[in-house]
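Chemist: based on what follows, work out the 3D shape:
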Amino acid sequence: MSRVPLLPSRFRWLGSALLLLGLALGVARFRFGFRPAFLHVKLFALYSAFFETKSFTLIEKNATDEVAALLLLAGLFAVAFSRERREDASLDALRLRALFAAVAADCLLLALSLFLVFGVGFVLVLATNMFATLTLYVIIFRCLLAARAVRARRHGFLDTKPDRRSETSACTS
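Modeler: Residues are numbered from 1 along each chain as shown. Below you'll find the model as predicted:
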């Protein structure tokens, strides 16, 4: 039994749908200038610096960017932290390895960006960085799962589900 609190496995499908919606909305917004009128709203701003600087006030803006980012983050979170259909304790170690590798890779990419990307380009790096750790985690975890499945097939263990009989016999001896 996993000690890591995870979402039910069906959330992976919901997360995938949110992720695709967020990607589509982001591409429509930044590639084609899509800004629907119903997303032109007043939002509370802790800090806003466009043409003038404002703090702790309501501002009028089109929230397409924010909705796309929220859909992407929610989708990535649901995909990253949903249970597998066959969850076992060894997946906790895989998750930890993937998380460590994702954070390390993200820090390395950000450190390289400090010395290789400047000005507005660096602001874009920071903006994409808010999705990078979860994206890297999902990719690395899926690769580790695939490698585990290949090793299991290679060694003749097609079913990686633990045998209940061996668990109960170990507890009674």
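Chemist: confirm residue 98 sits in a helix?
Modeler: Yes - when DSSP: H, G, I helix; E, B strand; the rest coil is applied, residue 98 is found to be in a helix.
Chemist: that one and residue 140 touch, don't they?
Modeler: Yes - assessed by C-beta atoms under 8 Å, residue 98 is found in contact with residue 140 at 4.3 Å. From N, CA and C alone the C-beta is placed, and that goes for glycine too.
Chemist: higher neighbour count, these two?
Modeler: Here residue 98 and residue 140 are set side by side on neighbour count (other C-beta atoms under 10 Å), and the busier one is residue 98, at 22 against 19.
Chemist: quick one, strands of this structure?
Modeler: Defined through DSSP state E, the strands belonging to the chain, from first to last, are 40-49, 53-62.
Chemist: so for residue 14, which of those strands sits nearest?
Modeler: Closest approach to residue 14 among the strands of the chain (C-beta to C-beta): strand 40-49, 24.9 Å.
Chemist: got the contact list for that closest one?
Modeler: By C-beta atoms under 8 Å, 6 or more residues apart in numbering, the residues outside strand 40-49 that reach it are 53, 54, 55, 56, 57, 58, 59, 60, 61, 62, 63, 66.
Chemist: now the residues you listed as TSV including distance to residue 88?
Modeler: As requested, the contacts of strand 40-49 are arranged in TSV below (distance: C-beta to C-beta, whole Å):
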residue	distance to residue 88
53	53
54	52
55	50
56	49
57	52
58	50
59	49
60	51
61	47
62	46
63	42
66	38
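Chemist: low pLDDT regions in the chain?
Modeler: The model of the chain has pLDDT under 70 over residues 1-2, 157-173.
Chemist: if you set the cut-off to 50 instead, what comes out?
Modeler: With pLDDT under 50 as the threshold, the chain has low-confidence stretches at 160, 163-173.
Chemist: longest helix anywhere in it?
Modeler: Ranked by residue count, the top helix of the chain under DSSP state H comes out as helix 120-154.
Chemist: who does that one touch, helix- and strand-wise?
Modeler: Under the contact criterion of 3 or more C-beta pairs under 8 Å, 6 or more residues apart in numbering; DSSP states H and E, the helices and strands touching helix 120-154 comprise helix 64-80, helix 90-116.
Chemist: quick one, domains of this structure?
Modeler: 1-83, 86-161 (automatic domain parsing).
Chemist: quick check: the gap between residue 98 and residue 21.
Modeler: Plainly put, residue 98 is 25 Å away from residue 21 if you go by C-beta to C-beta, to the nearest Å.
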